[in-house]
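Asker: curious how this folds, go ahead:
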Amino acid sequence: MGLLDGKAAVVTGAGRGIGKGHALQFAKNGASVVVNDIDKDVADEVVAEIKELGGNAISNTDSVGEKAGADAMVAACVEAFGKIDIMMANAGIARDRTFLKMSEEEFDSVMNIHVKGTFLCHQAAALQMKEQGTGGVLLSTVSAAHFGNFGQTNYSGAKGAIASMTYTMAMELARYGIRVNAISPSGTTRMSDTYVGPDGKKHPMPFIDPELNGPVIAYLCSDEGNYISGQIFGTGGERIALLEQPKYGHTLFMPGGWTVEEVQKNFKQNLGNKLEALGITKPPYPFADGINPPEK
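Answerer: As a prediction, this is how the structure comes out:
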């Protein structure tokens, strides 16, 4: 018996890398899988691999960035397997460039695939799950890049948006028995080759099997995980990490409200020494000496 026996899942961007790992893990745990990828050849290869394992899968090449595409992949899942239980929104692209050099097209293309694609695929799946009356699971893909990462204003912004969408969708869809979570996965893929460190330079990454994210998401999508919603987990490699949700931190109060003079008197000594380090690697806070325009 598999943890996901009888479940039907769609995995977007499943032809390679982390998405392929998700599709394989779903299949190994008993789910039937729609392997979505715009590259039909690689999607078909994953389907063949799943069938060799004794699993059930079909390929799909619809675009996540278009409503018609999202609707079509959900319809394909229902036609092939009778229903949809899981939508894994994994598809993504990277168009890395520093903020001042980033083009509008580079910004829009990343937002379209990541943010709009997640919205469209999840909405199409949730509407079908609501109609079925069976509940289900929506899984999003975020990244530690949303903590801040050099050269990724578009990508980090998209992943931060998806994190916030996850919290809201979880609140709204619980009444229909639909759980919404996200993972921040790790794995060696074509996209991981774009990693740039705090020094602005590319760094080699150790190999991490992309399929190692799969056991956690199999659990999240199982009936055993029916108490988990509105959460984000770091997965892959040897870890399972619970990402803390945004929250207000150290707070100062002034009866009657703040004046500029009171802010000047209190801010630096009471909040200035508590400013957070930022970025994926959380180095020491880099702006302690101020942020100034370049000297002329």
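Asker: helix/strand/coil for the nearest residue to residue 226 once chain neighbours are set aside?
Answerer: Sequence neighbours aside, residue 179 is the residue nearest to residue 226 in space, at 6.9 Å (criterion: Cβ to Cβ, 6 or more residues apart in numbering). For the C-beta atoms, the positions are set from N, CA and C on the backbone; glycine is no exception. Recorded secondary structure, residue 179: strand (DSSP: H, G, I helix; E, B strand; the rest coil).
Asker: could you do residue 59 as well?
Answerer: Three-state assignment for residue 59 (three-state DSSP): strand.
Asker: nearest residue to residue 37 other than its sequence neighbours?
Answerer: Closest to residue 37 by Cβ to Cβ, 6+ apart is residue 15, at 3.2 Å.
Asker: got the contact list for that neighbour?
Answerer: Neighbouring residues of residue 15 by Cβ atoms under 8 Å, 6 or more residues apart in numbering: 35, 37, 39, 42, 43, 45, 46.
Asker: go again using 6 Å as the cut-off
Answerer: When contacts are counted by Cβ atoms under 6 Å, 6 or more residues apart in numbering, residue 15 is found next to 37, 39, 42, 43, 46.
Asker: tell me the spacing between it and residue 97.
Answerer: Using Cβ to Cβ, to the nearest Å, residue 15 is found at 25 Å from residue 97.
Asker: with residue 149 instead?
Answerer: 12 Å.
Asker: ok, residue 137 next?
Answerer: Distance from residue 137 to residue 97, counting by Cβ to Cβ: 35 Å.
Asker: who has more neighbours, those two?
Answerer: Shown here are residue 137 and residue 97; by other Cβ atoms under 10 Å, residue 137 has more neighbours (26 against 15).
Asker: what helix or strand does that one sit in?
Answerer: Per DSSP states H and E: residue 137 is located in strand 136-141.
Asker: buried residues in the following helix or strand past that strand?
Answerer: Per DSSP H and E, strand 136-141 leads on to helix 153-173 as the next helix or strand towards the C-terminus. Within helix 153-173, the residues scored as buried using 16 or more other Cβ atoms under 10 Å are 153-163, 165-167, 169-170, 173.
Asker: quick one: contacts for residue 43?
Answerer: Neighbouring residues of residue 43 by Cβ under 6 Å, 6+ apart: 15, 35, 37, 59.
Asker: so which strand or helix has it?
Answerer: Using DSSP H and E, residue 43 falls in helix 40-52.
Asker: okay, the contacts of residue 43 in CSV with pLDDT, secondary structure and distance to residue 243 next?
Answerer: Listed next are these as CSV, based on pLDDT from 0 to 100; DSSP: H, G, I helix; E, B strand; the rest coil; distance: Cβ to Cβ, whole Å:
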residue, pLDDT, secondary structure, distance to residue 243
15, 95, coil, 27
35, 98, strand, 28
37, 97, coil, 27
59, 98, strand, 32
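Asker: ranking these by neighbours, who comes first?
Answerer: Counting by other Cβ under 10 Å, top hit in these: residue 35 with 32 neighbours.
Asker: isn't that residue right next to residue 47, touching?
Answerer: Yes - with contacts counted by Cβ atoms under 6 Å, residue 35 reaches residue 47, the gap being 5.3 Å.
Asker: so how far is residue 181 from residue 129?
Answerer: Per Cβ to Cβ, residue 129 is found 15 Å from residue 181.
Asker: same question, residue 13
Answerer: Distance from residue 13 to residue 181, counting by Cβ to Cβ: 18 Å.
Asker: which one of the two is surrounded by more residues?
Answerer: In this view residue 13 and residue 181 are compared by other Cβ under 10 Å, and residue 13 has more residues nearby, 28 against 22.
Asker: so that one touches residue 19, yeah?
Answerer: Yes - counting by Cβ under 6 Å, residue 19 is a contact partner of residue 13 at 4.1 Å.
Asker: give me the below-cutoff pLDDT ranges for this structure.
Answerer: Residue ranges of the chain with pLDDT under 70: 1, 187-207, 284-288, 290-291, 293, 296.
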